[in-house]
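In: What would the 3D arrangement of this be:
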Amino acid sequence: MITAEALHVRFGAVHAVRGVSLRVDPGESFGLVGESGSGKSTVLRALAGLTPVSEGRLVIDGQDLARGRDRAFFRKVQMVFQDPYGSLHPRQTIDRILAEPLLVHGLPEARIARALEEVALSPALRYRFPHQLSGGQRQRVAIARALIADPSVLLLDEPTSALDVSVQAEVLNLLADIRAARQLTFILVSHNLPVVAHLCGRIAVMQGGQIVETLDEASLRAGIASHPHTRELIALSRDLEGA
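Out: Reported below is the predicted structural model:
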């Protein structure tokens, strides 16, 4: 479903992504982890078309993105951002926020009620504003907005890091249920190893703009890693869990 070959992204003199290659199969949930500044979110934004690619090749569902992205691409590939408050227009109701992608893609308004139900939000919230919702509810709206056009690929950029710990598990379980029901392909970016292990079958570890190791979820949970940076991340995660 997703292939990146020798991907490079530069911002002036800053070489943010250096030769990243990855492959994600249809229906797979793939994680990208690493410290801040490792390039993981830049890879995600390059896939979404929000950041220009300096070198390399990107292919999603057979479409070579070097030829550009058409409207069908932006229906097929959707992104959920880290900050649910910042990603939702503060002066628009939830109804208006969810109606926008329907207007863009020419889809029926009846999907709004279905989308709210799918993310377990009450219909009573439909005409409220984002500031009237909790952080978890706002992120559910952001997920509903991403799903409302029936994409096949969901790009998740730290989707729970801005939420209280008590709410994080609820949102992660919701995402897991939605992926299973819709057979979606996920790429999840996070610095939180337990979050990635909860949702992803394979995980790539990034450092300095490069993928230094790829391992499966069982190896991550068992602490089996070959690269020193991966072992450092695992040790830090266990220290934090024990704190």
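
In: Geometric centre of the protein: which residue is closest?
Out: L156 (0.8 Å; C-alpha atoms, centre = their mean).

In: pLDDT wise, what is that one at?
Out: The model reports L156 with a pLDDT of 95.

In: Excluding chain neighbours, what is closest to it?
Out: Excluding its sequence neighbours, the residue lying closest to L156 (C-beta to C-beta, 6 or more residues apart in numbering) is L188, at 4.5 Å. Every residue, glycine included, has its C-beta placed from N, CA and C.

In: Also T42?
Out: A16 (4.8 Å).

In: do you know how far the one you found is from S54?
Out: With distances defined as C-beta to C-beta, to the nearest Å, the gap from A16 to S54 amounts to 9 Å.

In: More neighbours: which of these two?
Out: Neighbour count, other C-beta atoms under 10 Å: between A16 and S54, A16 has more, with 20 against 14.

In: Just the buried residues of the helix or strand where that one lies, please?
Out: A16 belongs to strand 14-24 when elements are defined using DSSP states H and E. Residues of strand 14-24 classed as buried under the neighbour-count rule (16 or more other C-beta atoms under 10 Å) are A16, V17, R18, V20, L22, V24.

In: Mind listing the strands it pairs with, and their directions?
Out: Taking DSSP bridges as the criterion, strand 14-24 pairs within the sheet with strand 2-11 (antiparallel).

In: Mean confidence (pLDDT) on the strand it pairs with, please.
Out: When pLDDT is averaged over strand 2-11, the result is 96.

In: Would you mind listing the buried residues in that strand?
Out: Using 16+ other C-beta under 10 Å, the residues of strand 2-11 that count as buried are I2, T3, A4, L7, H8, V9.

In: do the same with stretch 132-152
Out: Residues 133, 135-149, 151-152 are the ones in stretch 132-152 that count as buried (16+ other C-beta under 10 Å).

In: ok, back up a step: name the residues contacting each of A16 and S54.
Out: Each of V9, R10 lies in contact with both A16 and S54 under the rule C-beta atoms under 8 Å, 6 or more residues apart in numbering.

In: Quick check: next helix or strand after the longest helix anywhere in the chain?
Out: Taking DSSP state H as the assignment, the helix of the chain that covers the most residues is helix 165-182. Downstream of helix 165-182, the first helix or strand assigned by DSSP H and E is strand 185-190.

In: so what does that following strand touch, helix or strand wise?
Out: Based on contacts counted as 3 or more C-beta pairs under 8 Å, 6 or more residues apart in numbering; DSSP states H and E, the elements that strand 185-190 packs against are strand 29-33, helix 40-48, strand 153-157, helix 193-199.

In: Can you tell me which of those is most buried?
Out: Burial of these is given as mean neighbour count (mean count of other C-beta atoms under 10 Å); strand 29-33 ranks first at a mean of 25.

In: Using PDB, list the CA coordinates for it.
Out: In PDB, the C-alpha atoms belonging to strand 29-33 read as follows (Å, rounded to 0.1, in the frame of the first residue of the first chain):
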ATOM      1  CA  SER A  29      -0.300  -0.900  11.100                       C
ATOM      2  CA  PHE A  30       3.300   0.400  11.000                       C
ATOM      3  CA  GLY A  31       5.000   2.500  13.600                       C
ATOM      4  CA  LEU A  32       7.700   5.200  13.300                       C
ATOM      5  CA  VAL A  33       9.400   6.000  16.600                       C
END
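
In: For G201, which non-adjacent residue is spatially closest?
Out: Taking C-beta to C-beta, 6+ apart as the measure, G201 lies nearest to E217, with 5.4 Å between them; neighbours along the chain are not counted.

In: remind me which residues of the chain are low pLDDT?
Out: Applying pLDDT under 70 to the predicted model, the residue ranges of the chain that meet it are 239-243.

In: wait, what's in contact with S122?
Out: Applying C-beta under 8 Å, 6+ apart, we find S122 in contact with L116.
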